[in-house]
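Peer 1: Build me a model:
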Amino acid sequence: MPMTPKGQPMKYRNLISRRVNQISPSGIRRFFDLLASMEEVISLGIGEPDFATPWHIREAAIHSLEKGYTMYTSNRGMPELRQELSRYLKDNYNLAYDPDSELLITVGVSEGLDLATRATLDPGDEVIMPDPCYVSYNPCVILAAGTPVMVPTCQENNFEISAADIEARLTDKTKAILIGYPANPTGAVLGQDKLAQIAEVARRHQLLVISDEIYAKLVYGVEHTYLATLPEMKERTILLGGFSKAYAMTGWRIGYAAGSREIIGAMTKIHQYTMLCVPIMAQVAAIEALKSGEASTAEMVEDYNRRRLVIVKGLNDIGLPCFEPRGAFFAFPSIKVTGMTSEEFAERLLIEEKVAVVPGSAFGQYGEGYVRCCYATSLADIEEVLSRMKRFVAKHQAK
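Peer 2: This next block holds a predicted model:
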């Protein structure tokens, strides 16, 4: 251990921010590290498409490199991309955003969320969000000096956060509501009626809503409603979206934030001092995705739907009750029948059957008793996983 000049051990904990010490390492990462040391594992752990980025999108980026497009762009993103994104949102969802002042191109939705919280929260501001939820929500609020206020959701209420539950947790410190539907890890979708009730609470109490809609294109048998399309909500919503899921572009790390001129301007201040800009090659690829990527997305969604039906039926058949996800590409079965914690279940399943899932506790207190299974993998692998899990559950089912 390094020593101070006086020979005393360095007290690193005193050198690290209290906010950083307050958050735990990602519960997902630990299982990925364990997975990396094993062979012949079938993984349902990584939340990304198993498709390659469609060729025409890759080709656009390759062509840009051949032309020497290797320079910085505007902090806000290439004007051509912002204009194309503005057109896309207007033509498809009747959402009108000024490309010069109300759109910001970010390094994935993850950066967008970080910017949104840091640009809007003051120390002690409270942010209401569902539990379970995506692993970054709680830490991003804490790192921005805010206070997360968790709203329990469960299988019995379809993992939906309700306006009544939000209103019951309002205080004079509440500043924002943070939601992500279609949801990771549950696959839950909020219908327009329930979104409208949440919007009414936000309007009445003058709250900001940060809405993570990265899975907006991945829905099955339902329609996704953009929160900002509801009456008087565009001005008080930070819409976070991106290209990773719908266009199989996770590694390109490109997303966007849309909102009022004032909030996007504040987010851009942080972005220009920290990230500067998104790589130009990814921006060129995103332009092509917006122009002609819909057919490829539709094909992927159709394939995900087939896998969704197989895995949900299979999990229920082997005794792991599973809510039917209507969006994203995750199943979230209950493993309570085994008597194990979600971490114990995930670790033992990996060691004994070489199947990787993510413990529900990684997504919050109320994720305990569940595991996340990503079905963005082949049907053959899904069927093999179900066979292995059936054997595992039969062996460990609590008596």
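Peer 1: looking at this protein, which helix or strand does the model trust least?
Peer 2: When each helix and strand of the chain is scored by mean pLDDT, DSSP states H and E, helix 27-36 comes last, with a mean of 67.
Peer 1: And the next helix or strand past it?
Peer 2: The element immediately downstream of helix 27-36 (helix or strand, assigned by DSSP states H and E) is strand 42-43.
Peer 1: Give me the packing partners of that following strand, helices and strands only.
Peer 2: If contacts are counted by 3 or more C-beta pairs under 8 Å, 6 or more residues apart in numbering; DSSP states H and E, strand 42-43 sits against strand 355-356, helix 379-396. Using the backbone N, CA and C atoms, a C-beta is placed for each residue, glycine as well.
Peer 1: Give me the contact list for the longest one.
Peer 2: For helix 379-396, the surrounding residues in contact (C-beta atoms under 8 Å, 6 or more residues apart in numbering) are 42, 44, 306-307, 310-311, 314-315, 318-320, 337-340, 348-349, 352-355, 373, 375.
Peer 1: Repeat that for the shortest one.
Peer 2: Defining contact as C-beta under 8 Å, 6+ apart, one finds that strand 355-356 is touched by 31, 35, 41-45, 346, 349-350, 385, 388-389, 392.
Peer 1: From those residues, list the buried ones, please.
Peer 2: 31, 42-45, 346, 349-350, 385, 389, 392 (16 or more other C-beta atoms under 10 Å).
Peer 1: Go through those residues and name the one nearest Met300.
Peer 2: Leu44 (17.3 Å; C-beta to C-beta).
Peer 1: how about the closest one, what does it touch?
Peer 2: Neighbour list for Leu44: 355-357, 372-375, 377, 382, 385 [criterion: C-beta under 8 Å, 6+ apart].
Peer 1: Give the helix, strand or coil label for Ser361.
Peer 2: With DSSP: H, G, I helix; E, B strand; the rest coil as the basis, Ser361 sits in helix.
Peer 1: Would you confirm that it contacts Thr341?
Peer 2: Yes: in this structure, Ser361 is within contact of Thr341 by C-beta atoms under 8 Å, at 7.1 Å.
Peer 1: mind listing the strands for this protein?
Peer 2: In the chain, the strands defined using DSSP state E lie at 42-43, 103-106, 126-131, 147-152, 174-180, 208-212, 237-242, 255-258, 330-331, 355-356, 358-359, 371-374.
Peer 1: coming back round to it: turn the buried ones among the contacts of strand 355-356 into a markdown table, columns for distance to Lys217.
Peer 2: Formatted as a markdown table, the buried ones among the contacts of strand 355-356 follow (distance: C-beta to C-beta, whole Å):
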| residue | distance to Lys217 |
| --- | --- |
| Phe31 | 27 |
| Ile42 | 26 |
| Ser43 | 23 |
| Leu44 | 21 |
| Gly45 | 22 |
| Ala346 | 29 |
| Leu349 | 31 |
| Leu350 | 31 |
| Val385 | 25 |
| Met389 | 29 |
| Phe392 | 34 |
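Peer 1: Closest one to Pro333 out of the residues you listed, please.
Peer 2: Nearest member of the buried ones among the contacts of strand 355-356 to Pro333, counting by C-beta to C-beta, is Met389, at 9.0 Å.
Peer 1: residues near Asp91, how many?
Peer 2: 9 (other C-beta atoms under 10 Å).
Peer 1: Hmm, I typed the wrong one, I wanted Glu66.
Peer 2: Residue crowding around Glu66 was assessed by other C-beta under 10 Å; the count is 8.
Peer 1: What pLDDT does the model give it?
Peer 2: Per-residue confidence (pLDDT) for Glu66: 97.
Peer 1: shift numbering so it begins at 6
Peer 2: Will do, 6 is the new start, and the previous item becomes Glu71.
Peer 1: buried subset of the contacts of helix 384-401?
Peer 2: Counted by 16+ other C-beta under 10 Å, the contacts of helix 384-401 give 47, 49, 312, 316, 319-320, 323-325, 342-343, 345, 354, 358-360, 378, 380 as buried.
Peer 1: Now, those that are in helices?
Peer 2: Taking DSSP state H, the ones among those that sit in helices are 312, 316, 319-320, 354, 358.
Peer 1: Save those residues as TSV, and put in distance to Val194 too.
Peer 2: Converted to TSV, those look like this (distance: C-beta to C-beta, whole Å):
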residue	distance to Val194
Arg312	17
Ile316	17
Gly319	21
Leu320	19
Leu354	27
Glu358	31
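Peer 1: hang on, the earlier thing: looking at the strands of the chain, spot the one closest to Phe164.
Peer 2: Nearest to Phe164 among those is strand 131-136 (7.4 Å), distances taken as C-beta to C-beta.
Peer 1: low-confidence ranges in the stretch 6-155 of the chain?
Peer 2: Along the stretch 6-155 of the chain, the parts satisfying pLDDT under 70 run over 6-13, 15, 17-18, 31-37, 39-40.
Peer 1: Can you show me the helices along the stretch 6-155 of the chain?
Peer 2: 17-20, 23-27, 32-41, 60-71, 84-98, 113-125, 142-148 (DSSP state H, counting those that start in this stretch).
Peer 1: Tell me which of the ones you listed sits most buried.
Peer 2: Of all those, helix 113-125 has the most neighbours on average by mean count of other C-beta atoms under 10 Å, namely a mean of 24.
Peer 1: How about residues contacting that one?
Peer 2: Here helix 113-125 makes contact (C-beta under 8 Å, 6+ apart) with 109, 111, 132, 141-142, 145-146, 148-149, 151, 180-181, 213, 215, 217, 219, 243, 245-247, 249, 258-262, 268, 271-272, 274-276, 280.
Peer 1: Quickly list the domain ranges of the chain.
Peer 2: 17-57+301-401, 60-297 (automatic domain parsing).
Peer 1: and Ala333, what is it in contact with?
Peer 2: Neighbouring residues of Ala333 by C-beta under 8 Å, 6+ apart: 187-189, 192, 220, 223, 250.
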